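Predicted model follows, preceded by the sequence.
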Amino acid sequence: MKVISTEKAPGAIGPYSQGYIANGFIFTSGQLGIDAETGKYKDCIKWQTEKSCQNVKAILEEVGSGLDKVIKTTCFLADMNDFAAFNEVYAKYFTSKPARSTVAVKTLPKNMLCEIEAIALIK
């Protein structure tokens, strides 16, 4: 197993890593919609979804994978009323249509609106 870390995605805000490689797969931690360069965010589901997708992409690319290699995502929404807007942005990034679970949660860290985690092949 190997821990993955990149400055192109926000650092972990707790005792966990951005991702792990095991048996030819990369498992990312949940990525919030935070700008990796500034650490800032906007209270907008589309903006946060863009950043969440970009952060997952950055972690995958760090190990030579990519969004086209994603097998499964788990998506967390603070409000299911944001589902359509979330899907609109998500669909631009995950064009291979990986398996997905989307759940509503009571709250997310930093009171964010969405979070995405992924499992992908490395090669």
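Great, that's in hand.

what's the pLDDT at Lys42?
For Lys42, the pLDDT comes out at 96.

quick one: what helix or strand has the closest residue in space to it that isn't next to it in sequence in it?
Using Cβ to Cβ, 6 or more residues apart in numbering and skipping the chain neighbours, the partner closest in space to Lys42 is Gln48 (7.0 Å). C-betas here are computed from N, CA, C, even on glycine. Element membership for Gln48, per DSSP states H and E: helix 45-62.

Report all helices and strands that that helix contacts.
Helices and strands touching helix 45-62, as assessed by 3 or more Cβ pairs under 8 Å, 6 or more residues apart in numbering; DSSP states H and E, comprise strand 25-28, strand 31-32, strand 70-77, helix 83-93, strand 114-121.

Quick one: low-confidence residue ranges for this protein.
For the chain, no stretch is flagged by pLDDT under 70.

now do 80
For the chain, the stretches flagged by pLDDT under 80 are 12-14, 123.

if we can go back for a sec, next one: the residue nearest to Lys42 from Ile34, what distance?
Between Gln48 and Ile34 the distance, using Cβ to Cβ, to the nearest Å, works out to 8 Å.

my guess is Gly30 meets Ala118, correct?
No. With contacts counted by Cβ atoms under 8 Å, Gly30 stays clear of Ala118, the gap being 9.3 Å.

Cool, thanks, signing off.
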